[in-house]
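Chemist: Build me a structure from this.
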Amino acid sequence: MLFLTLTRFSFINFILLSFLVVSCSSSNKPATPLPPPLPPTQPVKLTKKSVNLNEAPVEHIRIMSLESFPIQVNVIARGNLPDNCTMIDQITETQNDNTLIVNITTIRQTNKVCSKTPKPFEEIIPLNVIGLSAGIYTVKVNKITDSFELSMDNIIN
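Modeler: So this is what the prediction gives:
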């Protein structure tokens with residue numbers, strides 16, 4: 001009877017030990033190889049034949065002065081692009097006396113099928129006002145103009 005109990009005990013231990021060994025052993029299956037890395041994405045090269053460059057159709061601008069020193073001024077330009085193939089391309093700023101001129105241009109891919117649904121846009125453009133003297137300034141964004149006043153010189157000493 002004692003022999004039978006020891007045999008059962010040994011058999012159960014053997015089974016448990018076997019499960020333990022099997023669960024801890026590494027698999028003999030070869031690892032699944034990783035797919036080769038994807039090539040880096042290249043920017044789409046647009047040629048003059050595949051794009052049209054135009055002035056953005058700005059419909060409204062709003063000028064916001066931030067309470068700080070030096071004073072910061074942003075212009076918010078809003079409008080509607082004619083379709084989903086047209087996007088904002090560049091925003092440039094120049095100054096002529098007391099007029100800040102912001103030019104927003106668009107780029108349109110002509111080699112795509114486009115929906116004719118207008119696409120609203122909003123651009124927040126920080127104006128370069130550091131170094132300007134106190135006074136009234138005109139901001140012209142494409143064909144829309146507005147003005148703001150600097151109540152003190154915006155010069156950093």
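Chemist: residue boundaries of the helices in this protein?
Modeler: Assigned by DSSP state H, the chain shows helices spanning 2-24.
Chemist: pLDDT weak spots in it?
Modeler: 1-52 (pLDDT under 70).
Chemist: backbone phi and psi for residue 128, please?
Modeler: Phi and psi for residue 128, reported as degrees, to the nearest 10, are phi -90, psi 90.
Chemist: Next, the contact list for it, please.
Modeler: Residues in contact with residue 128 (C-beta atoms under 8 Å, 6 or more residues apart in numbering) are 93, 95, 100. Using the backbone N, CA and C atoms, a C-beta is placed for each residue, glycine as well.
Chemist: just residue 131 next, same as before
Modeler: The neighbours of residue 131, taking C-beta under 8 Å, 6+ apart as the test, are 154, 155, 156.
Chemist: what's around the first one, how many residues?
Modeler: Residue 154: 17 surrounding residues under other C-beta atoms under 10 Å.
Chemist: what is residue 127 paired to in the beta sheet?
Modeler: Judged by DSSP bridges, the bridge partners of residue 127 are residue 73.
Chemist: Surely it touches residue 76?
Modeler: No: the pair residue 127 / residue 76 is not scored as a contact, 11.1 Å apart, by C-beta atoms under 8 Å.
Chemist: Of those two, which one has the most company?
Modeler: The residue with more neighbours, out of residue 127 and residue 76, is residue 127; 20 against 14, by other C-beta under 10 Å.
Chemist: Next, work out how far apart that one and residue 77 are.
Modeler: Residue 127 is 11 Å from residue 77, where distance means C-beta to C-beta, to the nearest Å.
Chemist: Mutual contacts of the two, please.
Modeler: Residues touching both residue 127 and residue 77 (C-beta under 8 Å, 6+ apart): residue 102.
Chemist: can you pull out the strands in the chain?
Modeler: Taking DSSP state E, the strands of the chain run over residues 51-55, 58-66, 72-81, 86-96, 99-109, 119-127, 135-141, 144-150.
Chemist: List the neighbours of the last one that are in contact with it.
Modeler: The contact list for strand 144-150 (C-beta under 8 Å, 6+ apart) reads 58-63, 65, 71, 73, 75, 77, 129, 132-139.
Chemist: Of the residues you listed, keep whichever come out buried.
Modeler: Using 16 or more other C-beta atoms under 10 Å as the burial test, the contacts of strand 144-150 include 58, 61, 63, 71, 73, 75, 77, 129, 132, 137, 139 as buried.
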